[in-house]
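Asker: Structural data only, the sequence is not supplied:
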C-alpha cells in the first residue's frame with residue numbers, strides 16, 4: 001500500500017470519468033434552505049449513496065427532521081478516519097447575474113492552460129467532497145482495498161444552519177467516532193500553494209432591540225424630551241470599541257492568547273497586507289486593532305461587528321418621527337479559549353447598563369460556537385504538510401480562517417476528535433455568489449492530494 005504511484009496514475013487516467021460523475025451530482029439543485037427543493041436534496045443524497053456503494057462502501061441514507069444524512073463505512077487497516085462534507089448548496093438568486101445555467105455544469109477555459117468547472121456547488125462543497133470519493137475509488141480500483149478504515153458523513157443542511165447535525169452526532173456518536181476527522185470545506189493559499197487550516201474563529205450572534213415610547217412620536221412635539229431608541233442603541237454600539245479598535249466589554253479578552261512570534265513571521269512571509277486584502281473591495285485602511293497585521297486581525301484576533309441596524313422610517317422620502325424601537329444584529333468572532341456563553345452575557349450586561357430607566361431592551365440569540373485551534377506542530381498537521389508538499393509545486397503552508405465551521409467544534413466536543421482541514425477552493429471561487437466555479441486543477445490535484453494524505457496517515 002506504500003506504492004502510491006499506481007493510484008495516482010489511475011486518478012490521472014480517470015479524470016474525464018470523474019468529471020462526468022461530478023457533473024451528474026452538480027446538476028441536482030439541492031438547495032437546502034428552500035422547501036421547494038426538498039426532493040432535490042433527497043435525490044442528491046440518494047445519488048451519493050449509490051455512488052459510494054458502487055465502490056464498496058456500506059452506505060445508506062439516514063432520515064432526520066430535515067434533509068437526510070449520508071453515512072458510509074469501509075473497512076481498512078491502520079487508522080480510522082471520518083470524512084465530512086455537505087451535498088446541499090446555496091440558492092442561486094439573483095439568477096440574472098449568472099452567465100450560464102447554475103445547474104448545467106460545464107468545463108470552461110478561462111485562459112490558455114487554465115480550465116474551471118462552472119455551476120452552483122462546484123467549490124462549495126460538491127467538487128470538494130468528490131475529490132475524496134475519487135481518491136477512494138482509485139485505491140479500490142488499484143488495490144482492491146483502502147489504506148485506512150474510512151467513515152463518510154455527508155449532510156444536507158450545512159447551508160441552512162445544520163439544525164439536524166448536532167442531534168444526529170449525539171445519537172450516532174459511537175458509530176461515527178474515529179481517530180481523526182477530515183474536512184474539505186476550506187481553501188488553498190493560492191492556485192499553486194496548498195494550505196492546512198489550523199485555526200477557526202468561533203461565533204456569537206445576537207439581536208438586540210431597544211424600546212421606548214408605546215408608539216412612534218412626532219419629532220417636533222417630543223424631540224428633545226422623549227427617549228430616542230436609535231440614539232440609545234447607537235451610543236451603546238459605539239461604546240463597544242475604543243479609539244484603538246479594541247473591544248471594551250469587560251472580560252472580553254479572557255482566554256485570548258498572543259500568537260507565537262514565529263507564526264506571525266510565517267504569516268508575514270505570505271505577503272498579504274491590509275492594502276492588498278482591502279484593495280479589491282475599494283478600501284485601503286484597516287479598521288481593527290491598531291498595531292496588528294491584516295492576517296493576524298482576521299486569523300487570530302476577536303471582533304465585534306454590526307451586521308444590521310433598523311429603526312424609524314426607512315422608506316422613500318422623509319418622515320419626522322422618533323421611533324418606538326430600534327434593533328441591531330451584532331456578531332462576535334472568537335479566538336482561542338473565549339467562552340461564547342460568557343461573551344453573550346457580558347454583551348447583554350454591557351448594553352443593559354446603557355438603557356435609560358423608562359426604556360427596555362430585549363435580546364435574541366443567533367448561534368454560538370467556540371474557536372478551534374490546533375497545535376502548529378501537531379503530528380497530524382506535519383503528516384499532511386508532507387503529503388501535500390509532495391503533490392504541489394510549492395510547499396504547504398499552515399493558515400487560519402476568519403470564519404467559523406461549527407461542525408469542527410462539534411467533532412471535538414461530541415466525538416472527542418481533532419479535525420484536519422484541507423481544502424482546494426480558492427478565494428475567487430465565488431461561493432454563495434453567481435457564477436461559482438472550481439478550478440480543474442483543484443479537482444484533479446485535490447484527488448491526488450487526498451490519495452497521498454491517506455497513504456501518509458496509513459504509514460503513521
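Answerer: Okay, I see it. Keep in mind the model is a prediction, meaning the values are calculated, not measured.
Asker: and the least confident helix or strand in the chain by mean pLDDT, how far out from the chain's middle?
Answerer: One helix or strand of the chain scores below all others by mean pLDDT, DSSP states H and E: strand 372-373, with a mean of 86. Here strand 372-373 is found 13 Å from its chain centre; the criterion is CA atoms, centre = their mean, to the nearest Å.
Asker: which strands and helices sit next to it?
Answerer: Secondary-structure packing of strand 372-373 (3 or more CB pairs under 8 Å, 6 or more residues apart in numbering; DSSP states H and E): strand 195-200, helix 406-415. In this view, the C-beta of every residue, glycine as well, is placed from N, C-alpha and C.
Asker: Could you identify the helix or strand that succeeds it?
Answerer: Note on strand 372-373: by DSSP states H and E, the next helix or strand toward the C-terminus is helix 379-391.
Asker: Tell me the first helix or strand C-terminal of that next one.
Answerer: By DSSP H and E, the next helix or strand past helix 379-391 is strand 397-401.
Asker: same for that following strand, what does it pack against?
Answerer: Counting by 3+ CB pairs under 8 Å, 6+ apart, strand 397-401 packs on strand 195-200, helix 261-268, helix 294-300.
Asker: need the contact list for the residue nearest the centre of the chain.
Answerer: Taking CA atoms, centre = their mean, the centroid of the chain lies closest to residue 405, which sits 4.5 Å from it. The contact partners of residue 405, by CB atoms under 8 Å, 6 or more residues apart in numbering, come to 183, 185-186, 200, 372, 421.
Asker: The same query, at a cut-off of 6 Å, please.
Answerer: For residue 405, the contact set (CB atoms under 6 Å, 6 or more residues apart in numbering) comprises residue 200.
Asker: try residue 336
Answerer: Residue 336 is in contact with 255-257, 371, 373, counting by CB under 6 Å, 6+ apart.
Asker: Break the protein down into its domains, please.
Answerer: Segmentation of the chain into domains, based on automatic domain parsing, reads 5-199+372-459, 202-256+302-369.
Asker: Distance across the last one, terminal residue to terminal residue?
Answerer: Using CA to CA, to the nearest Å, the gap from the first to the last residue of domain 202-256+302-369 comes to 5 Å.
Asker: The biggest helix by length in the chain - contacts with which helices or strands?
Answerer: Counting by DSSP state H, the longest helix found in the chain is helix 440-459. Helix 440-459 is packed against helix 5-13, helix 126-143, helix 379-391, with contacts defined by 3 or more CB pairs under 6 Å, 6 or more residues apart in numbering; DSSP states H and E.
Asker: among those, which is nearest residue 296?
Answerer: helix 379-391 (19.4 Å; CB to CB).
Asker: relative to helix 440-459, how tilted is the closest one?
Answerer: 130 degrees (axes from the mean of the first three to the mean of the last three CA atoms, to 10 degrees).
Asker: Helix 379-391 packs against which elements?
Answerer: With contacts defined as 3+ CB pairs under 6 Å, 6+ apart, helix 379-391 has these neighbours: helix 440-459.
Asker: please redo it, this time with the cut-off set to 10 Å
Answerer: For helix 379-391, the contact count by 3 or more CB pairs under 10 Å, 6 or more residues apart in numbering; DSSP states H and E identifies strand 180-183, strand 195-200, strand 397-401, strand 419-422, helix 440-459 as packing neighbours.
Asker: Go through stretch 325-342 and flag the buried ones.
Answerer: Within stretch 325-342, the residues that qualify as buried are 325-336, 338-340, 342, counting by 16 or more other CB atoms under 10 Å.
Asker: next one: stretch 168-179
Answerer: Using 16+ other CB under 10 Å as the test for burial, stretch 168-179 gives 168-169, 172, 176-178.
Asker: now these as TSV including distance to residue 109, secondary structure and pLDDT?
Answerer: What follows is the buried residues of stretch 168-179, written out as TSV (distance: CB to CB, whole Å; DSSP: H, G, I helix; E, B strand; the rest coil; pLDDT from 0 to 100):
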residue	distance to residue 109	secondary structure	pLDDT
168	41	helix	98
169	42	helix	97
172	44	coil	98
176	41	helix	98
177	44	coil	97
178	40	coil	97
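Asker: Closest to residue 66 out of these?
Answerer: residue 168 (9.9 Å).
Asker: Surely the closest one and residue 70 touch.
Answerer: No - using CB atoms under 10 Å, residue 168 is not in contact with residue 70; the gap is 11.4 Å.
Asker: what touches both of those two?
Answerer: 62, 153, 155 (CB atoms under 10 Å, 6 or more residues apart in numbering).
Asker: Narrow the residues you listed to those in strands?
Answerer: Judged by DSSP state E, the subset of the shared contacts of residue 168 and residue 70 located in strands is 62, 153, 155.
Asker: Is it possible to get TSV of those residues that adds pLDDT?
Answerer: Shown next, in TSV, are these (pLDDT from 0 to 100):
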residue	pLDDT
62	98
153	98
155	97
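Asker: deepest of the helices and strands packed on strand 397-401, which one?
Answerer: Sort the helices and strands packed on strand 397-401 by mean neighbour count, taking mean count of other CB atoms under 10 Å, and strand 195-200 sits at the top with a mean of 24.
Asker: Right, I'll call it a day here.
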